[in-house]
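[1] Sequence and predicted structure, then a few things I'm wondering about:
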Amino acid sequence: MTKLTGFLPPALARPVSAIGGVLLLIAAMLPWATFLLNDGAYPDKATLQYFDAPFELTGFRWQVLLFGAAALIAVFAPTPGKSRVLRAIGWGSMAMSVITGLFIVGDGGGLGAITSADGNFAFGAIVGLVGGYALVLGASAMPLEDIPDWSTRILGRTGWSGRIAAWVVLIVAFVAVLYLVSLTLTVGGIGGAAFPYAGPIFLAFLGFAGGLLGALHGAGVTRWVSRLSEEHRGFSLVVLLVCAFALPFTDAGSQYWMQVAATIGVYAATAIGLNIVVGLAGLLDLGYVAFLGIGAFVAANLSGAGASAVGWNLPFPVAALIAAAVAGVFGAIVGSPTLRVRGDYLAIVTLAFGEIFYRTAQNDIGGLTGGASAIPGIPPIEMFGTAFNQPIQLFGTDLPTGVMYYFLIVLVVAAIMAVFANLKNSRIGRAWIAIREDEDAARAMGIATGRAKILAFLVGATLAGLAGAIFVHKLGTASYDSFKFLESVTLLAAVILGGMGTIPGAVLGASLLFVLPEKLREFEDYRLLAFGLALVFIMRFRPQGLVPDRVRRAEFAGETAEGKSIDEVLEKAVLEQEAELEREHRAPSSPKKEGDR
């Protein structure tokens, strides 16, 4: 419930919400800037001088129009979770209006840029903000329904017809996710001098995406799709893999975004490994990037690079396995102090290990890292006669340089996901979770906590070493500068932000932490500040992470797996039990039979 609850009489909830939807429709067809800004006309014909076709909507104006139409449908049509849907649309609309309006004001030099100047009027941002606020205000006067539970039997069908119907729904849902990912990467352009409005357009799109996903969640759609995917797990995994491979065939299939996507995949794989240590076992590791670096330098020395001190030229699969094994050995060595230290002291031990690795690589101790000269000239991975740094043609489509690395990292991330999922549901995974919750209680229950913690470090480091082997071949250079302490912090933030102990959480966290800096290049002087504030707000209002598991959701949000308040569920259960006892007390006693005397 929001603080606006009770501010508006329930009788006015529908009229106010309807007014908000109409205002959003009007805002979409109004100009948003009264004059040309310093960097030129604002995109999507939002500047008054270029506002010659108000009904030819594109970009963020089309998104505002879509929100307005969706709000009116939700107000007047029977809609599951109506108040939740309207709130999400309202907050998303306000975010889009505020972000766009503030940027136009800042770049235009005052409020006149979004109101009136020299006889010109442009109130799109103001009307959009008021419309979004009206939706939130109206929805707050409605009762907050539980998130609906849709039946997974589509149209009541069972057997093969029901299975095929579920498959069709899953395909449509995952294709929509693929489109959303592609749009997220490409909206607003790359950023920088060539795309001066990329940052605000991207941030406004995040407001739209947040509002859209919030509305779908409030209506129960996301939960329904999640349950369908759980019931058809094998089919869902295949479709997800196909969608991941289809990304290069979308608008995001440029050389730039393929390079970025491959890098995101490397860090996502590394974050999943860290999720074993931090998310499952609850061991704070502040030097985890060192294992990524160990795998990278081992693979570089075995790649046949001219500057390699070893001079071996092994096939990539062999070199990658050796790199993973060596990193795993170091992980076990670093994990051995966990037998005697825990908590903050363990964090200091791992922090020291990360710093030792960094300084050792910087000073080329042992002659295996190249020091300041690094190890350049690492040859690209080559399989089936094709070098991974060359463009290819597939299904009649010319794919850019780097797409082969993207395909490889997709397969590796999928394999690491499978390892994580099986470990989490295994006996050792349950032991890790028990250690995370209470190590002393876990030891009292017979769990060999020392061996389990060392195994967590070993497995996590092995996965990081494998990712490092791919990373160094993709870059073509192994440099100590790529494995600073800040990278460990970023990986840890990705795990916590996405949701500790979950696979989608680690992938989503890594994606956000590496996509946002790329999309906010024109805010270079402020993007770290904005980035830090965003993390603070997320941790304040969603401490369980963006995609939490059941335990974290119950611990930090006080919610069940279905998103209901634990206190409300317990209170309801107590009331039902009291009502049952009262009914039994009032029920007339059955007459005794003569034989019972």
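    Sure, I can see it.
[2] Now do stretch 151-160: everything it contacts.
    Identification of contacts with stretch 151-160 by Cβ atoms under 8 Å, 6 or more residues apart in numbering yields 162, 165-166, 169, 224, 227-228, 231. Just so you know, the C-beta spots here come from the backbone N, C-alpha and C atoms, and that holds for glycine as well.
[3] Please provide the alpha-carbon coordinates for that stretch, formatted as CSV.
    C-alpha atoms of stretch 151-160 as CSV (Å, rounded to 0.1, in the frame of the first residue of the first chain):
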residue,chain,number,x,y,z
SER,A,151,-4.7,-21.5,-14.5
THR,A,152,-2.0,-23.2,-16.5
ARG,A,153,-4.7,-25.2,-18.3
ILE,A,154,-5.1,-22.9,-21.2
LEU,A,155,-8.8,-22.7,-22.2
GLY,A,156,-9.3,-25.8,-20.0
ARG,A,157,-7.4,-28.0,-22.5
THR,A,158,-5.5,-31.1,-21.3
GLY,A,159,-3.4,-33.7,-22.9
TRP,A,160,-1.5,-32.9,-26.1
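[4] which parts of it are buried?
    residue 154 (16 or more other Cβ atoms under 10 Å).
[5] average pLDDT across the helix or strand harbouring residue 300?
    Here residue 300, judged by DSSP states H and E, is contained in helix 289-301. On average, the pLDDT along helix 289-301 is 91.
[6] For the helix or strand just after that helix, enumerate the helices and strands it packs against.
    The helix or strand immediately downstream of helix 289-301 is helix 316-335, counting by DSSP H and E. Here helix 316-335 touches helix 289-301, helix 344-363, helix 449-475, going by 3 or more Cβ pairs under 8 Å, 6 or more residues apart in numbering; DSSP states H and E.
[7] how distant is the second one from the center of its chain?
    With Cα atoms, centre = their mean, to the nearest Å as the basis, the distance from the averaged C-alpha position of helix 344-363 to the chain average is 28 Å.
[8] Equivalent analysis for the longest one, please.
    In terms of Cα atoms, centre = their mean, the gap separating the centre of helix 449-475 from the centre of its chain is 22 Å.
[9] which stretches of the stretch 51-200 of the chain aren't confidently modelled?
    For the stretch 51-200 of the chain, applying pLDDT under 70 flags the ranges 51-55, 155-157, 191-194.
[10] all strands for the chain, in order.
    Taking DSSP state E to define them, one finds strands in the chain at 116-117, 120-121, 382-383, 386-387, 392-394, 397-399.
[11] Mind checking these for the one nearest to residue 348?
    strand 382-383 (42.6 Å; Cβ to Cβ).
[12] Tell me where the model's unsure across the stretch 251-400 of the chain.
    Residue ranges of the stretch 251-400 of the chain with pLDDT under 70: 306-307, 309.
[13] thinking again about what came up before, including mean neighbour count and distance to residue 80, could the strands of the chain go into CSV?
    Listed next are the strands of the chain as CSV, based on neighbours: other Cβ atoms under 10 Å; distance: least, Cβ to Cβ, whole Å:
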stretch, mean neighbour count, distance to residue 80
strand 116-117, 16, 42
strand 120-121, 13, 40
strand 382-383, 14, 49
strand 386-387, 12, 50
strand 392-394, 12, 42
strand 397-399, 13, 40
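[14] closest one to residue 17 among these?
    Comparing the strands of the chain against residue 17 with Cβ to Cβ, the closest turns out to be strand 120-121 (26.6 Å).
[15] what does the closest one rub up against?
    With Cβ under 8 Å, 6+ apart as the contact definition, strand 120-121 has outside contacts at 31, 34-35, 48, 115.
[16] again, but for stretch 176-195
    Stretch 176-195 is contacted from outside by 43, 59, 197-202, 205, 209, 243, 246-247, 250-252, 256-257, 260-261, 515, 518-522, using Cβ under 8 Å, 6+ apart.
[17] now stretch 308-318
    The contact list for stretch 308-318, computed with Cβ under 8 Å, 6+ apart, reads 299-304, 322, 367-368, 375, 381-383, 469, 473.
[18] hmm, 10 Å instead?
    With contact meaning Cβ atoms under 10 Å, 6 or more residues apart in numbering, stretch 308-318 is reached by 297-305, 319-322, 364, 366-370, 375, 377-383, 388, 408, 469-470, 473, 478.
[19] need the helices for the stretch 1-150 of the chain, in chain order.
    Taking DSSP state H, counting those that start in this stretch as the test, the helices found in the stretch 1-150 of the chain are 13-28, 59-76, 82-108, 124-140.
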